[in-house]
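# I'll drop the sequence and a predicted model, then ask my questions.
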Amino acid sequence: MQKMKNDFTVEINAVIEQIFSEKCKILKQELISEIHKSLNSSCDKLSEIRAEKKQINAKSSYAEMAKRNANKIVIKPINNKNTKETKKALKKVIEPTEGLITTVTNINKGAIIVECKNSEAVEEVQKKVNKEIGQEYATEKLRETKKRRALKIVGLSTKLNDERIIECVKKQNDIEDNKELKIIKVYEDRNKREESYNIIIETDCETYEHLIEKKRIKVEWDSCRVFEHINVPRCFKCLGFQHKASDCTFKQACSKCGEQHDVKECNSNIIRCVNCFDLVRRKVIDVEVDHYAYSTKCPAYIRYLQSKKAKK
């Protein structure tokens, strides 16, 4: 009887332990799932905040850039005169106590840039100069600096001509017709199994931000991804950055092993990036060097790319 009782107790304990173990597993999985959900939500929110901050900063800098030359005019001599003579003529026309002009800057061929207090002052200065010395000097408002940005459109299934691409990008993505878009390059993406083309396009900062914010844009029947494009000039001789092969004064470098020969002539089993190897040798950074120089994951390439982004 006691043995039966002990056996029954052991069996009950085993069942309880199994149930408890399974329950713990379920609770553990639920807890892990909740943690992952919370982390994903936090990451998404952080990404949204960063994107919003970047957009605000970009719009702010664009607005400042547009205002930079708003109240400036150029006064230039019709005949040969130097800047000293131009300034002297201006002083005869404008009384300094009027407070119309804030700064005067010399430029070439006897011309000067006059920065005015406001838009009304610009009109007043132009009016006085044209009336009093208009036969000797011409005036024009300084054009606004229009900074342009390049972006990369990826995943076009059919090769289109430049006019058609611009038409589709504008009409299918809420871009005003007066905005200027310039096609820099259209090329086939040979890394894709199916026919696919990429586009490098240049436009003003406002249109650039509009398209980047969309992440995907429509071009004919395709939904194409949009990325920031930064041109990285690379030498095909030494594989370095910031110059072309025609201007290169360095020795030939192999994109596979880094030695002084063309990659077509390479018989080496070694894979070594010449740019990363140089950075490690000079103790600039400590990175892996066993990759091709043209790899998009190359630390030297990424480092250079980041430095260009930081300067924008």
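Nice, thanks for sending it over. Numbers count the residues shown, from 1 in each chain.
# next one: the residue most central in space within the chain from A293, what distance?
Nearest to the geometric centre of the chain sits E228, at 4.5 Å (CA atoms, centre = their mean). From E228 over to A293 the distance is 23 Å, taken as CB to CB, to the nearest Å. The way it works is simple: take the backbone N, C-alpha and C, and place the C-beta from them, glycine included.
# re the thing from before, can you pull the contacts of the residue nearest to the centre of the chain?
149, 151-152, 212 (CB atoms under 8 Å, 6 or more residues apart in numbering).
# how does it look with 7 Å?
E228 sits next to 151, 212 when contact means CB atoms under 7 Å, 6 or more residues apart in numbering.
# just want the phi and psi numbers for it.
Dihedral pair for E228: phi -70, psi 140, per degrees, to the nearest 10.
# tally of neighbours for L151?
By other CB atoms under 10 Å, the residues close to L151 number 21.
# thought it was touching C224?
No. Applying CB atoms under 7 Å as the test, L151 and C224 come out as separate, 10.8 Å apart.
# identify the residues contacting K308.
Contacts here follow CB under 7 Å, 6+ apart; on that basis K308 touches I230.
# heads up, I number from 23, so please use that
Taking 23 as the first residue, the last one we looked at is K330.
# let's verify it: helix, strand, or coil?
Here K330 is recorded as helix under DSSP: H, G, I helix; E, B strand; the rest coil.
# any idea how far it is from Y323?
Distance from K330 to Y323, by CB to CB: 11 Å.
# P118 now?
Plainly put, P118 is 55 Å away from Y323 if you go by CB to CB.
# please apply the same query to L182.
L182 is 30 Å from Y323, by CB to CB.
# try Q194
In terms of CB to CB, Q194 sits 34 Å off from Y323.
# what about those two, which has more around it?
For Q194 versus Y323, neighbours defined as other CB under 10 Å are more numerous around Y323 (21 against 13).
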